[in-house]
Each structure stands twice: as C-alpha cells, then as structure tokens.
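got a sequence here, can you model it:
(2 chains)
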Number of protein chains: 2
Amino acid sequence: MKKQYKYSLLILILMNSIVAMAQKSGIPEISPLNWEIGFASKPTDAPAIWYPATVPGAVQLDVAKALKYGTWYYAENWKDYLWMEDQFFTYRTSFAKPKVGENQNCFFFSKGIDYEFEIWLNGEKLFYQEGMFSAVKLDLTAKLKDNNELLVKIYPIPKLYKEPADRSQAAQSVKPAVSYGWDWHPRLVPVGIWDETGLAILNKSEITDLNLNYSLDKELKSAGLSCTIKGANLQNCLYEWEIIDAKGKSVLHKEGSFMSNDIELQGEMNQVMLWWPHDQGIPYLYSMDFKLKDATGKLIDQKNSNIGFRKVELVTNEGGWDYPKVFPKTRSIPPIQIEINGRKIFAKGTNWVNPEIFPGIITDARYNELIDKAIDANFNILRVWGGGIINKDAFYNLCDEKGILVWQEFPLACNNYEGTPHYLKILEQESESIIKRLKVHPSLALWCGGNELFNAWSKMTDQSLALRLLNSQCYRLDPNTPFLPTSPLMGMGHGNYVFRFWETNEEVFQWMPKSHNSAYTEFGVPSLSSVEVLKNIIPESELWPPKPGTSWESHHAFNAWVGDTWLMPDVLKFYFGEAKNIEELVANSQLLQSEGYKCIFEEARRQKPYCSMALNWCFNEPWPTAANNSLVNWPSIPKPGFYAVKNACRPFLASACIKKIKYTEGEEFSADLWILNDLPVQAGSGKITVKLVAGTTQFKLLVWEYGTSAANTNIPGPTLRYKLPAWDADRFKLVLEVEGHPEYNSDYTLLYSPKVVNEKKANVLNQ
Amino acid sequence: MKKQYKYSLLILILMNSIVAMAQKSGIPEISPLNWEIGFASKPTDAPAIWYPATVPGAVQLDVAKALKYGTWYYAENWKDYLWMEDQFFTYRTSFAKPKVGENQNCFFFSKGIDYEFEIWLNGEKLFYQEGMFSAVKLDLTAKLKDNNELLVKIYPIPKLYKEPADRSQAAQSVKPAVSYGWDWHPRLVPVGIWDETGLAILNKSEITDLNLNYSLDKELKSAGLSCTIKGANLQNCLYEWEIIDAKGKSVLHKEGSFMSNDIELQGEMNQVMLWWPHDQGIPYLYSMDFKLKDATGKLIDQKNSNIGFRKVELVTNEGGWDYPKVFPKTRSIPPIQIEINGRKIFAKGTNWVNPEIFPGIITDARYNELIDKAIDANFNILRVWGGGIINKDAFYNLCDEKGILVWQEFPLACNNYEGTPHYLKILEQESESIIKRLKVHPSLALWCGGNELFNAWSKMTDQSLALRLLNSQCYRLDPNTPFLPTSPLMGMGHGNYVFRFWETNEEVFQWMPKSHNSAYTEFGVPSLSSVEVLKNIIPESELWPPKPGTSWESHHAFNAWVGDTWLMPDVLKFYFGEAKNIEELVANSQLLQSEGYKCIFEEARRQKPYCSMALNWCFNEPWPTAANNSLVNWPSIPKPGFYAVKNACRPFLASACIKKIKYTEGEEFSADLWILNDLPVQAGSGKITVKLVAGTTQFKLLVWEYGTSAANTNIPGPTLRYKLPAWDADRFKLVLEVEGHPEYNSDYTLLYSPKVVNEKKANVLNQ
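The predicted structure is shown next:
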C-alpha cells in the first residue's frame, strides 16, 4: 500500500505499522489491549486457566499455542482442534482508566468478533451481538473505573443441529459455511476476535457516518457528488470537505458550519478521471478528506478515503436477446456481461477463497501478494465466493489501487438458508454492515447472494426470503451496483471440475467446445501440489504411495468431492501409466491441470461475445492441500497451472482449439487456429508459424497471416490437419510462433503413442 | 356481494347502494359531489365551456356525451376521441360548507384519479399527484368557505415522447400501457376521476391505518394475529377488536384503551378454518371488526374487513430439481408450482384484462358476472395482466368470496421501464399503495412485476431497478406472498397464439405435446366473435366479406398481432375452403378455437406434475373485438370456446391426446387416452367406451377400464389406432363415454376428407 491515512484525532499508539486505509464507515483509530483467553464447557463456569491471547486471531490458535499442539495444517493435526467447537471461550483484558478529556468518550471498538458474543466490563454485561461482520462501538466512559476488567465471552460455534457435522450446520447463521468442512477445507471452525480491536478515545463531537455518493453524466465526464455526514454534537462545528487528485491537486473544496447533527453537501467535478480495471486503463483514485473542527478551528475529527469514479453494469450478452426463438417462449438469459464505463469487457478471473482457515491471521501482506499474483495472471476480476468470509478492508483497498474487479458474495453457500425471523434479522444486520463498508470501493463490480443456491444440493429458490432480503438491501443501500441472487443463473455454467469426467469419459477438450454458456463462473482441473508442499504436510512414512485414510485424504487427495478426487490416480494412470515416484506423479498431474485450464480459458474466450466471463475454481487455498483445483498453493506458491493460465489470459495471443490430449502414430492431428484479442484497442496484423515439436524433431505445418482485429474481437483462423508420423517420444508440442512478437506465442503439450500395441486399447484412448 | 360493511361514522348519504367492502386501508365513507368538466389546450387557459361530468368516469366519456359522439366501440368512432389526449381537462364542483363538528374534519377523498393532477379549492392549489393508484385524502377543514369551488385539473396523458404513438410512450409512467394501443385494444387512453370520490367528514380522533397480519402454525391449525392500528388523537380512546366466524360467532375479542396514537394488538385463534380456492375447499372468510370509541364509550370510528387464513407458496415443480444434469451446470428452474395450505394444486385459469377501456365505468356487477364465468369455466386462478389496471376493490372482494386465486401484476408490460429517479419515485409510491390495498386479500396468490419484461421486445433484465424496487417493496410490505419479476421466467412458456403457425406449419396438436414447460402462462387460439357481436360493431356495408382497412381492422381482425391475425382467413380457407357467408366463417373460426384451446388445456394437464399451470390468453376483453383470443366477448358474452375450455378444465374427465385435426379416408387415426384428475381426493375406477361418430354412423373403437387415481393424479390409458373407413361427412367426432358418469364424457370434433382428390394436396394437409 502506498499511502497511509489518518482518520481520527491521534491519541494512542498505532496498533500496526500499516493502518487499514480509511473507509467511510467511521472506523476510529484504535489502541490495542493485552488479552488472555480461557474456556469452560458451560456458559456459567468461569475458565479455570488463562492463556495469553493474540488479537486479532482465533481462540483455537491461542489454545493450540498454549497447549503446544502441532500446527493445524500438518498431517492430521486439525483433528486435535475439534473439541473446541462446543466450548465457551472468554477473552479477558485489564487496563487502567485511560485519560479521557472532558469533551471525549472512551469506546471499546472492534471491527469484527466471530460469531456470537457478550461484552462485560467490571462484572457488568454491556453488550450482546450475533454476527461477525458488524463492527462494535461501545461507549465505556461512564462505566470506567481506575482499574478495569473487560471480558469478551464467545459462544460455541453456531450449529443448526448436532449431526450431521457438515456445512448444513451453518444454514441458520451468517457464518461462512466453508469451515464446517468442504472438499478442500478441513472441518475447523474458527471463532474469536478476528479483526482490529481495542480502545478508542473520541471527541464527543464526532462524525459517526459519512456517506459519499456520486453520479456520472451520460458522457462519463462530470460527476455530481453528494456527501451526507452524520455525527454527534456537531452544532456550530466547522467542516472542510476536499477531493484531491492523484497529483495532490485539490479539485473540490467546500467549507462551512454545522447547524445540526447532519448535513448533506453537494459538489461537482468536471473532466473526471475514471477508474478502470488494470487491463483496460488506469485504476485512477482520488482521495477525499473531510475535516471536522470546533468553533475555534481546532481539528477534532477527520475522515479520509479513496474515491474512484466508474459506472458498472451487467448488460445482456451479445446474442442473448435473439433467444428464445420458438413458442412457447421462455425468457431471455439474465445479463452477465460486465460493462464498465460504457465498455463491454471479457471478464477473466478466478474464485477467491479465504487465504487462511483463521481469518484473524490474514495479513495485509498476504492480501497484497495474492492480489499481485492475480494481476500477474492477467485476471481482471475476483469472485469472492460465498462460502468464505467478507474480507478485511485491506483486500478491497488493494483491489481499488491495483485495478481488479470484485464480485462479492454474501456468506451463503450450498445450503437452504430458511427465512426464519431470527435468521432474517441477523442477515439484515450483517448485510447492512457489509454493504455500507464495501460499497465505497470502485473495485466492487457486483453483489451476489451466494454460491449455487438455486441447485438441487441447496434448494433455495427465487422465492427464498433470505435472497429477497439481500436483493432489497442492496437495492436500498447500493442501487448502482448489480445484484445476482446466486451463481450460476440461467445460461451461466459451473463445472466440470476434472480433466476427464468419469460419467461421460469426456475430456475438457470435448465438453468445453460444445458448451454454450454466457459465463463460466466455476470450472476446475485438479492437480497435486508440488513435492515441496506435500513434504511439508504429509509425514514421510505416508508420502509414497498416496493412500486413502491417511494425511493424503485429510488434505483432499481422496474422497474430497467424489471418489478419488482430487488426486484421481486412475485418470493419471490412464494417460501416463503407473508413476515411478512422487515426483513423476506430481508432474503428470500438473501437466493435465495446465493443459486443461488453458483449454477452458481459451475456449471461453473463443466463445466471445456470447460468452463474457471465465472464472476458474479456484485461485488460492486456506491451507496447504495435497490435491486441489487451486492455481496457487497456500500461502502463495504458484503451481505450474498458474503460469499456463497466465498465458491463456494474455490480452492478445495466438491460440489453438485442441480436440483431445492423446494421439497415436498415423492419426490425423487437427486444431483450429485463432487470434484471441481482449485488448481495448484495435490490434495489428501479423504472421503465425505453426509447428509440431517432438523431442528434437520439428514439423512445420502452416503459416497463417492474420489481419487486424477490432478492439476486444477475436479472429478465427484455419484448421490444421496433419497425419502424425512416427517419432520416438511420448509427448509432443504444438507451437504457435508469432513473427516479431514472441509475447504472443503459445504452445500445447500433447501425449503420443508411437505405435498401436493393442488395437482395443488404442480405441479406448481415442474415445 | 353478500355483505355490506360500514367503516366510518355515518354522516352523509351513501354514494352508491353498494358500498365497496371495507378494506384495511382506512377508506372513509364518502359523499358524492356534482361535477362539471371543461378543457383547454393550454394549462394556463380556463375551459371555455363546461359540460356535465359523471364521477367516477373518464373525461372522454363526458365530452363524447356532451358533443354527441358515436359510441366509442362502434365502427371506427374511437378515432374521434384521439384529440383529447393532449388537452388539459378540469373537473369543477361547487358545494356549500358541510356541517363539520368541532371534533371533526372535512376531507376531499378519492380512491383514484387518473393520471397526473392538481386539486384547487377556492382558487388555491392544495395538492398535486402523479399516479392513479394512490388514494387522495385532503383535509379541507381550515380552507372551507360558505360556498366552495373545488377543481381537479387533469394533465394530458403521459407520453415519453410524441412519436411513435404506441405503448412505448407509457414507459416512464405507472399508467397501464394497454390503452396506448394493443393487438386487441384500440388506441384510447382514458384519464379522469376513475374511482369513488367525494367529501368525507371524519372525527378528529380517527383510525388512519389498520394493518392486520397473521401467521399460521406448521399444522395450519392455529393463527397468531397481530393488528397494528395507527391514527390521530387516539389518546384515551377505547377500542374493541373482534373476529367473527361465518356463523356470526365471535372467536376473538379484545378491549382496551389507547395510550398513544398507535397500538399493536396480539391475538390467537385455534381450529382456524382455512380459506381455499373453490375447487379445493371452501373459501372460508371471517370478518374483523375494529371499533374506536371515545372515553365515554361513544362509537367514533370503525373498520371492518374480511379475513381469510391461508398459506400460499411457490415451490419447485416436481422433477425441477433433477435438472440440470450435465456440466457445466446452470441453475434449476424457478418454482411456479402453487402450494396452498400445504397442498400442491394444478392452476387452471386465464389472463384477465380490463373489462372496459374506461376503468371508471367498470361496475361491481360486471366484475361479479365475469368472475362467476371464470368459476363456471372451472378456473381457479386469474392472472391480472400487467398491461392493464389494478382493479377496484370489488374485484378482489369477489375473488375472496368466491374462492379464486389472483396473480397480480404491477402496471408494467412489454416496455423497458428505465429506472430514472423520477420513475422510481412514482413507482415506489404507487406500488406501496397497491400492495397495502391488496395484501389483505386471501385470494392474492402472487405478485408479479409485469408482462414479458425479460424478452427481446421489452429488454428489461434482472438488473432493472424498477423490478428490483418492486421485489423490495413486496418483500418489505408483504413478504409472505410470492413475487415473480415477470412472466415468463425460465422454464415457463408464453404462446403460441394461433391454431396453426405460419412459420412452422404446426398445429397446436403438434407443438403442444412436444413442449416441456413448468407452466403455460399465456397461449391463445383466436376466433371471430359471434355474428350478433359483429353486427353491433361493424357497419352493415362492411360486414361481408371482411376486409383490412375497415372496421374489421380497427376491431383486430387484421394486422392486430402479425399479418392476418386475428381473423386468419388463409388458415380458415386451408381447413374449410371458402366460406359462403359470415355465419359459416364465424362457425369455422370458433370450431378451431374450441378444439385448439381444448388441446392446450388438456395437454398441459397431461404434463402434470412437471407442468403445474395453464392460463390462456385471454379471458375477457375491454371492448367488442371482431376477432380475438378471448373466451368471453365484451361485455360478458361467452364464445363457444368458453364452453370447450370449461369442459377441458373439469376436475375429472376422460381425455384424448389428438395428433392433428384433419384426416383422409383410409388414414390411421390415433389418439392416447387419459384420465385427467385434479381432484383433491382419490377418485374411483370406471369404464370408458370410445367411439367415432360420423354423421349418423358410429364406430365403437375400444373399452378402457381405468383404475382408481390418487388425488391430483392422472392415469395414462391405451393408444387408439383405427383405419378410417369411408363415410359421407366432412367432420367426425371422437367420443369418450364414461359409464354412469356422463359428466366425465368428452368429445373432439375433427375434419375429414372422404377421398384423396389430389395426392399432393393431401400431403400438405397431413403435414
């Protein structure tokens, strides 16, 4: 992060060297406290022992540290943590009465406590909340003594019922379902204080809410700004409101005084620089500064934030209105084409999951390196999947700064969240907090109710009250950001998640070209993690060969999704024969992932403009898996598939539509050539030389001279047809070389059988 | 209507002998006024001449009466009314100061003024409103003189732009689009005072809002009631709240006194009698009585209403969750299966349009006779289509009483209603009025945003702010009634609208069995109106033969939807040859309508349980058409097709799946036999004798002994196969006779060519 903002009067020492950048949510500067933690099996019992606690963090981590548990991600250690699910944890801190001036109040403040909790001061219960995404701001002033004891009592994790112990236990809480167990996440449900927390001394005259909205004119050249400020004791206070451009020049400045505790200011800006995702332009940010001063002009409160101007819409995909053609006519597909600042773009990206099992230990640095990798992969969008958390502020600030769009889901996934009065009440509270916190970010491209809620394994529908509530909340609080009830919707696609599907024996190379979806918002190809990752999580005695019932299974190599996912030894054996060692097995698996992902991303792009989006499942992971669809191993180690995807997502490249991965001597090899162009400008013509490379032998197949292409427009090219000769290698590459532009080159690794040993076997391979 | 309710202190004479039954919207009893009307072409000009006005009514009717225009529905008289669109009309009334007691106020009250208007009293502008569905209640007390002049100034009809003069002019107003011209409605856009209007003297202590909600327990046996009452000057007033069953027995009674201007009362009822649609049970209604008394016990205000207890949901159609089966997976279909009181039903019904071009002259009696006809047709649901008005209270009261479900759309149809701030503001106001007025009716089964908004000719999407607003409004104000953004949605079907489609040469008998929709919410088969209707609207000189460019075209016989719809002379000629006279042409056309509609309704029922609904387009019409898909001619004259549909919708019947309408000698006749059973109880076994009847000749084909059938479950039977012999008649009937149950009998009229004169021609016929 490049800038640091202060947004409240400095009184106490900063908690971190990096302050989360100011948002318009009125988050004060907070001073940390020293915490201890204890637990008991009954709510009425006091903890018998107190251990040091790290805040933010998670109760499990404190206990594990104190009791010297093995690290949770090694072998099957996570099982040792399970007993903590049903305990009553208490955080305890003591502090001397801070210096609170006559015109000040002392607050206990927390950006997030997970999940249901009470706050006690000096033996008195002051506060109760269910919900981890609503900040707590609790005025302690009148209750403070010279020496104070503050307790945060955490309830056991929410469970709809005792059994089955799976994600459905989360179906009546606004708690991310993923930690109840998923096909790439162990059962390990964090609770505790998970975001910045401490004391804050604030002036009695303070800004409690600053809501900045803008509307752009049709030409997207000028912006009308409206800033609503609410606060306490603002009468006769002075204000100064300023917008500053990236060069530090003030472009809007207003001063005045408050007559009451709220005010609405209007402003206009001309020649506005727009915010763009990184591959479309500059993610231009202005900064906003709002100063509150007392009648003498002394600064008493301040809010800073970034502001980026953009217009984001979902419009009907090109060709979408042409259907349905026949009677009886159903509806046309819902729009999923992103139009930003009047420009339709192809959205390339990935599904983002929690980068840690324990959100309390996600650092700004981790967000930074992962988002940098997403940019490096030529992604312009991240789908923050509904099974996980709403990220900390740093995530959205970084997306704003680096220019990456965010598809933000609410924490609903793969369950039927029944609209009971209690659930709807908590969801209303939590969604309001989430929307108000995130809506200020120019990177926020769309809201979504959650993951796969309209499918058989969830059984929610358009009538589900929880989703109608979320649509209503987003409409009322942030109407200019699109809202999807869930993904997938009609015309969109999720899956498949394997290179070769056991039900149909189809490879990605076959199912993908015949699919016709407006957006591929989940698809995956699994691979093993690299050997060094495996050695860090699987005991040496279990490492070879991989077997179910061991750490391999706990780390999702077996029985993760279905059967032998994600390792899929049978598929690897089918293509490569028996591997001799772990290194070979990993290499084979990673080759399939690389070629499979490349196929899907490039084919989705070939289906442009009807198709407008491709997001693989998934980008990162919350702990080190043994096998997974992820591109980046925990904490942020790219797999070979990452680089394959990065190449497939280059704005401009030579591409080939491959029909299958394995060939035999004498067989005809065929592939359709393409120029894939997502560039926002016209692209020049060029010449592609196509070769097959087998070992040291090269076969030049074709030269294609392609013409210029309009912005964001592909060029279909010729179809290669070539009878494969004999050579002595079990692999070959199709290589596309673009004259003078090696950065546009592509290659595809394919498998080869030099001769047909057994005709029956060859037929199976060629299916 | 069986009952009369009084809901305010009686002061002035009743306006009509039938008082609209009380709803919980706080509508006072109103005393009518004598009105005049005038017009001017500029808003600043006073009308030069004043004519008598009828209120409620429409300005066009008053002017037409004064200027002796021909009736609007004869020939092409409607064209004479067009100039009024752009005039500024003023209603004028004078009245002496009414007797207003010290504890009373005098209000001007109107249930509806269409569309944008001002209200002036004694030269002073007191009120402005855009929107015909929000009642006006204007306190005149302080402004009254001994003699008063009250003006209602009506703006010209809203037009988004001057040209084209079609429905798209209505795309920024909450005014029904239909009157701007439709394929069965001339361009004739009503404005004026369209519902009960007059003066009301109310006590200063009065109830302004009574909101009664209930929740049923899981067994649907007991109800928890909550009644929120708001009012003015209620402190120290007494109240009495009572629920009375259909036998007059009090089942809930509470008394008390007001401490403030609002109160929330709770009550419980056990052994609740549920409200059912007429074909499923008794549409049981309780009545609610709320009395307001002053501290001495004197009655000062009163609200009465009916209350019916039912739980209505849209659930996923049976089999809906089985799809999608393949990857990439899109979503499952949205639910359209109505479940009422825990019972899934097959919804049979029709699309309801305005029963008059001028809503001001729709009488309670008209609603009554049309709804009786819908019940007689075995319909259990009416879709109040979004191109038309929200009906007057009597409509919904009658549906409550007679037990017919209402699918209620908001006034959006076949346009892209852009979410501009102004439009959204009016839509929010109007939808709030509509929802609060209608949500109290047990007949209200579902809300819908409007007609065909997600299709190419409208181009709204799930992102359209107007539809997100409506979903939000319904969620906030009436969460327990399902909401559809539009019809059709994914899996549902609209169309086709003709017996034989010119693009595919398919008959209903072919397209319908191969369709696979969860609900057929629009489909039509056109016919000519009966000869007596035609003679009332088409001048004798134009009557034969029908020609485009005459009153035939104005009355939708030509160029209504596409080309030669709705008369379709080529299709009639194709099946029947040239008609000799109007009588023969009408009979041929009505035969196709009857057999076509029977096919669709019965086939939709055969597709149960995946299919759960069949609603034909349309039931009634707003003026007498020459040709239309309607079943009932204006004002309420059933066509032969009505009786065919009535038969097809019997709860239990013998049915045959016919493959085509026209056969030749020697050809094999084939049909699948079915028992169609929508009964809510198990049905007994029986015996069906199947015959062909050609003139006086009968051919007995088959006897089928069918077994018992579970509630709401069909029985598939054998397939008939019979080589057609020679006979001397151009028609024949397939007759299904059920032994001992003639009420289950069915027959189908088919066409016959005695011999093949020309082989080529026969092939065309047999396509």
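
check the gap between A:Pro283 and B:Glu584 for me.
Per C-beta to C-beta, to the nearest Å, A:Pro283 is found 74 Å from B:Glu584. From N, CA and C alone the C-beta is placed, and that goes for glycine too.

likewise for A:Pro635?
85 Å.

higher neighbour count, the two?
Between A:Pro635 and B:Glu584, counting by other C-beta atoms under 10 Å in any protein chain shown, A:Pro635 is the more crowded of the two (19 against 14).

assign that one to helix, strand or coil.
coil (DSSP: H, G, I helix; E, B strand; the rest coil).

which residue ranges of the stretch 51-200 of chain A form strands?
For the stretch 51-200 of chain A, the strands defined by DSSP state E, counting those that start in this stretch occupy A:51-53, A:88-96, A:104-110, A:113-114, A:116-121, A:124-130, A:136-139, A:147-154, A:192-193, A:197-203.

please identify the pairing partners of the first one and their relative orientation?
Partner strands and pairing direction for strand A:51-53 (DSSP bridges) are strand A:35-40 (antiparallel).

pLDDT averaged over the partner strand, what's the number?
The predicted model assigns strand A:35-40 a mean pLDDT of 98.

for the helix or strand hosting A:Asp301, which positions count as buried?
When elements are assigned from DSSP states H and E, A:Asp301 belongs to strand A:299-307. By 16 or more other C-beta atoms under 10 Å in any protein chain shown, the buried positions in strand A:299-307 come out as A:Ile300, A:Asp301, A:Gln302, A:Lys303, A:Asn304, A:Ser305, A:Asn306, A:Ile307.

per-residue pLDDT, the residue of the stretch 1-150 of chain A found nearest chain B?
Closest to chain B within the stretch 1-150 of chain A is A:Gly131: 20.3 Å, counting by C-beta to the nearest C-beta. With respect to pLDDT, A:Gly131 scores 98.

relative to A:Ser134, how far out is the residue nearest to it when sequence neighbours are not counted?
Setting aside the residues directly before and after it, A:Gly131 is nearest to A:Glu430 in space (C-beta to C-beta, 6 or more residues apart in numbering or on different chains), at 4.6 Å. To A:Ser134, A:Glu430 is 6 Å away according to C-beta to C-beta.

quick one: the strand holding A:Asp301 to chain centroid distance?
The gap between where strand A:299-307 is centred and where its chain is centred comes out at 28 Å by C-alpha atoms, centre = their mean, to the nearest Å.

after that strand comes which helix or strand?
Criterion used, DSSP H and E; the element after strand A:299-307 is strand A:312-315.

pairing partners for that next one, with directions?
Counting by DSSP bridges, strand A:312-315 is paired with strand A:337-340 (antiparallel).

so the strand holding A:Asp301 versus strand A:197-203, what angle?
Put simply, strand A:299-307 runs at 120 degrees to strand A:197-203, going by axes from the mean of the first three to the mean of the last three C-alpha atoms, to 10 degrees.

can you name the residue of the stretch 201-350 of chain A nearest chain B?
For the stretch 201-350 of chain A, C-beta to the nearest C-beta, closest residue to chain B: A:Pro328, 2.5 Å.

report pLDDT for the residue lying closest to A:Pro190 once chain neighbours are set aside.
Once flanking residues are discounted, A:Pro190 sits nearest to A:Ala58: 4.2 Å by C-beta to C-beta, 6+ apart. pLDDT recorded at A:Ala58 is 98.

so what's A:Ala58 up against?
Applying C-beta atoms under 8 Å, 6 or more residues apart in numbering or on different chains to A:Ala58 gives the contacts A:Asp114, A:Pro190, A:Val191, A:Gly192, A:Trp194, A:Phe358, A:Pro359, A:Gly360, A:Ile361.

right, and the helix or strand after the longest helix seen in chain A?
Counting residues, the longest helix found in chain A (DSSP state H) is helix A:582-606. Moving toward the C-terminus from helix A:582-606, the next helix or strand (DSSP H and E) is strand A:613-616.

so A:Gln104 bridges to which residues?
A:Asn203.

ok, it touching A:Asn203?
Yes - with contact defined as C-beta atoms under 8 Å, A:Gln104 counts as touching A:Asn203 (5.6 Å).

tell me which of these two has more neighbours.
The neighbour comparison of A:Gln104 against A:Asn203 (other C-beta under 10 Å) goes to A:Asn203, with 23 against 19.

what about that one, distance to A:Asp294?
8 Å.

A:Leu238 too?
In terms of C-beta to C-beta, A:Leu238 sits 7 Å off from A:Asp294.

the more surrounded of those two?
Using other C-beta under 10 Å, the more surrounded residue of A:Leu238 and A:Asp294 is A:Leu238, with 19 against 16.

just give me the neighbour total for the closest residue in space to that one that isn't next to it in sequence.
In space, and not counting its chain neighbours, A:Leu238 is closest to A:Lys293: 4.3 Å by C-beta to C-beta, 6+ apart. Neighbour count for A:Lys293, taken as other C-beta under 10 Å: 18.

what of A:Lys97?
Quick note: A:Lys97 (other C-beta under 10 Å) scores 12 neighbours.

so where's the stretch 301-450 of chain A uncertain?
Along the stretch 301-450 of chain A, no part satisfies pLDDT under 70.

which residue ranges of it form helices?
All helices of the stretch 301-450 of chain A, identified by DSSP state H, counting those that start in this stretch, fall at A:364-376, A:393-402, A:421-438.

got the angle for the last one vs strand A:116-121?
In other words, helix A:421-438. Using the same axes, to 10 degrees: helix A:421-438 against strand A:116-121 is 70 degrees.

using CSV, write out the CA atom coordinates for helix A:421-438.
Extracted in CSV, the C-alpha atoms of helix A:421-438 (Å, rounded to 0.1, in the frame of the first residue of the first chain):
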residue,chain,number,x,y,z
PRO,A,421,-37.5,-14.4,11.6
HIS,A,422,-34.3,-14.9,13.6
TYR,A,423,-32.1,-15.6,10.6
LEU,A,424,-33.5,-12.8,8.6
LYS,A,425,-32.9,-10.4,11.4
ILE,A,426,-29.2,-11.3,11.7
LEU,A,427,-28.8,-11.4,7.9
GLU,A,428,-30.4,-7.9,7.7
GLN,A,429,-28.0,-6.6,10.3
GLU,A,430,-24.9,-8.2,8.8
SER,A,431,-25.7,-7.4,5.2
GLU,A,432,-26.2,-3.7,6.1
SER,A,433,-22.8,-3.6,7.7
ILE,A,434,-21.2,-5.4,4.8
ILE,A,435,-22.9,-3.2,2.1
LYS,A,436,-22.1,0.1,3.9
ARG,A,437,-18.5,-1.0,4.4
LEU,A,438,-17.8,-2.2,0.8
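
distance from the chain centre to that helix, please.
On C-alpha atoms, centre = their mean, the centre of helix A:421-438 falls 20 Å from that of its chain.

contacts for that helix, please.
The set of residues external to helix A:421-438 that reach it, using C-beta under 8 Å, 6+ apart, is A:23, A:25, A:130-135, A:172-174, A:211, A:390, A:393, A:396, A:408, A:410-411, A:417, A:444, A:447, A:465-466, A:469-470, A:473-474, A:477-478.

quick one, what contacts the closest residue to A:Leu33 other than its chain neighbours?
Spatial nearest neighbour of A:Leu33, excluding adjacent residues (C-beta to C-beta, 6+ apart): A:Thr93 at 4.3 Å. Contact analysis of A:Thr93 by C-beta under 8 Å, 6+ apart lists A:Leu33, A:Asn34, A:Trp35, A:Glu36, A:Glu149, A:Leu150.
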